[in-house]
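Participant: pasting the sequence and the predicted coordinates here, then a few questions.
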Amino acid sequence: MTKTYDAAIIGAGTAGLTARAEVARHTDNYVVIDGGTLGTTCARVGCMPSKSLISIAKAYHSRQGLEFLNLENTKAPLPDYAKIMRHVRHLRDRFVAGVERGMQPWRDHLIQKHARFIDPNTLDLGDETVHADKIIIATGSKPVIPESWRKYAKYLMDTDQLFELETLPHSVAVFGLGPVGVELAQALSRIGIDVTCVTRSKAIGGLTDPDIQNYAFQSLSQNMNVRVGSAEIVGENGGRLIVGCGDETWNADRVLAALGRHPALDGLGLENLGVKLDSRGIPLFDENTFQIENLPVFITGDANGLRPLLHEAADEGRIAGYNAMAKEVNCFQKRIYLGITFSEPNIAVIGKSYKSLIQDKTDFVIGESDYEHQGRAIIMGQNEGRVRLYARKTDNLLLGAELIAPHGEHLAHLLAWAIGFGVRAVDILSMPFYHPVLEEGLRSAFRQVADKSTMPKPQFEMLRCQDSVTG
Ligand SMILES: Cc1cc2nc3c(=O)[nH]c(=O)nc-3n(C[C@H](O)[C@H](O)[C@H](O)COP(=O)(O)OP(=O)(O)OC[C@H]3O[C@@H](n4cnc5c(N)ncnc54)[C@H](O)[C@@H]3O)c2cc1C
Ligand SMILES: NC(=O)c1ccc[n+]([C@@H]2O[C@H](COP(=O)([O-])OP(=O)(O)OC[C@H]3O[C@@H](n4cnc5c(N)ncnc54)[C@H](O)[C@@H]3O)[C@@H](O)[C@H]2O)c1
């Protein structure tokens, strides 16, 4: 049996759901096909359960801070891991239920099957076929697990399994220190799990600036064993895994694989689209329209491997949905890049990364701040962190930043918005800085950038009456 639609969306994750909302503004003759568990990666196994665990770990850790200051006399007992996991799942279920509630009004457009391309307009769903004028691929991504490790499956977990654990193991080896590895390794370590991490490089949490990478590496190494090299599983020993890095081996109860995620494109029949696939198996697509070559097919969210982040998946799905329904395909600008890792201190990359500025041979200057001597950070007992701002040399226009800083998630947003509005360091310096706040810590970086720029710096940071544009 073949049914015909104006549009078919493969995947009911964040990208697929925003694509659906846009498509539904134009036609009622559409279908959403999802072959997995509903509720989105973000709500089920990603952003939300991970941040729930991080939040509990932070609360427990702050009790230790009180002990350290001799403000609490009793040593905090180890938490009840089964209770923690139940709480994480309770919150997870609440977020998933919210997603599923949002799907109710259009549930009769949903087919819960696995889709595979027969050609650019036709999908094989096993026992039925779908023909659609336009098709949007929004199939998300899957954790990377080396094939040779699969025989250790009972010791191995990724984030699809972690939050299902009834309780937590005594020791965990965390392999990979991208955002997933950093966030979860620190959270587990803070609630008393014996954590050892292995990272291939110091590019922790996606940082590219060697100076900030080194700082982040030192910061994480204070409270966890961190080894640099390629992580390996050597074998089993008495119900535990023997894991290693370089010449060193040690035992761990479980391994948390945080080695990255691959676009989930296997079994999708992309070879039947008749287009070139890159080395990762991703078809060539336009990064501003999400169209695959000149086909009636679009690829969005984690599935295209471009910016595997929640807000980007939502944007891309919307653009793909819009373009699928438009007479002509429209080109959309990317928002300023913003990547935040919810470690403590937070890690963030904003706008142009250090690496991209070097690669593009941009003429830029760097301003630095640190949070070790910053008043508010000292009061909070979180005086650890470093920021590097990048600005165009000729006029101190802000281009990007990398940081590890207390409450860096908020600093990162301010910086992203400033970069997005096209402001210079001198413009920011003319704005108020309250006292004592963490934002004050950025001021020396802005000043350095303004000093290093070849554009003459005004004598005063305050605007003179005749300069004022806002009054
Ligand atoms: C542990 C973790 C923490 C994260 N934390 C953050 C964070 O704090 N902030 C942030 O911005 N991002 C975070 N992310 C990333 C974020 O979750 C993803 O970028 C986002 O969820 C991707 O959405 P998506 O729609 O592309 O994919 P998904 O939500 O994975 O949706 C894909 C859907 O496609 C379906 N599907 C796949 N193949 C087929 C097929 N052939 N046929 C039919 N259906 C199919 C699947 O069943 C699934 O429902 C995190 C990720 C993880 C793993
Ligand atoms: N806070 C957030 O926004 C957030 C949180 C979690 C995940 N995410 C998204 O999910 C995606 C996946 O995150 P991730 O951290 O799993 O992937 P990642 O690709 O960012 O990091 C994986 C890390 O593992 C390392 N690695 C790979 N193989 C290794 C080995 N054998 N030994 C040692 N190290 C090894 C890689 O060098 C890399 O640094 C990210 O791209 C991110 O966009 C975002």
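Facilitator: That came through fine. Numbering: from 1, shown residues only. Ligands and ions are numbered 1, 2, ... in the order given.
Participant: ok and the residue in the stretch 51-200 of the chain nearest ligand 2?
Facilitator: Among all residues of the stretch 51-200 of the chain, residue 178 sits closest to ligand 2, at 2.0 Å; criterion: CB to the nearest ligand atom. C-beta coordinates here come from the backbone N, C-alpha and C atoms, glycine included.
Participant: tell me the pLDDT of that residue.
Facilitator: For residue 178, the model assigns a pLDDT of 98.
Participant: give me the residue ranges of the stretch 351-471 of the chain where confidence is low.
Facilitator: In the predicted model of the stretch 351-471 of the chain, residues 468-471 satisfy pLDDT under 70.
Participant: rerun that using 90 as the cut-off
Facilitator: 457-458, 465-471 (pLDDT under 90).
Participant: now what about the helix or strand of the chain with the lowest mean pLDDT, what contacts it?
Facilitator: Least confident element among the helices and strands of the chain, by mean pLDDT, DSSP states H and E: helix 47-68 (a mean of 89). Helix 47-68 is contacted by residues 42, 72, 74-76, 79, 84, 87-89, 91-92, 95, 159, 163, 180, 183-184, 186-188, 190-191, 310, 342, 344, 381 when judged by CB atoms under 8 Å, 6 or more residues apart in numbering.
Participant: go back to those residues and keep what's next to ligand 1.
Facilitator: Subset of those in contact with ligand 1: 42, 159, 180, 310, counting by CB under 6 Å from any ligand atom.
Participant: skipping adjacent residues, who's closest to the residue most central in space within the chain in space?
Facilitator: Nearest to the mean C-alpha position of the chain, counting by CA atoms, centre = their mean, stands residue 309 at 4.7 Å. Distances taken as CB to CB, 6 or more residues apart in numbering place residue 339 nearest to residue 309, at 6.5 Å, with adjacent residues excluded.
Participant: burial measure for the one you found, as a count.
Facilitator: Residues contacting residue 339 under the criterion other CB atoms under 10 Å number 20.
Participant: what does residue 413 give?
Facilitator: 14.
Participant: related to what we said a few turns ago, keep only those of the ones next to ligand 1 among the contacts of helix 47-68 that are in helices.
Facilitator: Among these, DSSP state H puts 42, 159, 180, 310 in helices.
Participant: distance check, the second one against residue 180.
Facilitator: Relative to residue 180, residue 159 is positioned 6 Å away (criterion: CB to CB, to the nearest Å).
Participant: the two: who's more crowded?
Facilitator: residue 180 (24 against 21).
Participant: quick check: chain neighbours aside, which residue is closest to that one?
Facilitator: Nearest non-adjacent residue to residue 180 (CB to CB, 6+ apart): residue 258, at 4.1 Å.
Participant: wait, that neighbour sits on residue 181?
Facilitator: Yes. With contacts counted by CB atoms under 8 Å, residue 258 reaches residue 181, the gap being 3.4 Å.
Participant: what count of nearby residues applies to the nearest residue to residue 272 once chain neighbours are set aside?
Facilitator: Distances taken as CB to CB, 6+ apart place residue 117 nearest to residue 272, at 4.7 Å, with adjacent residues excluded. Residue 117: 20 surrounding residues under other CB under 10 Å.
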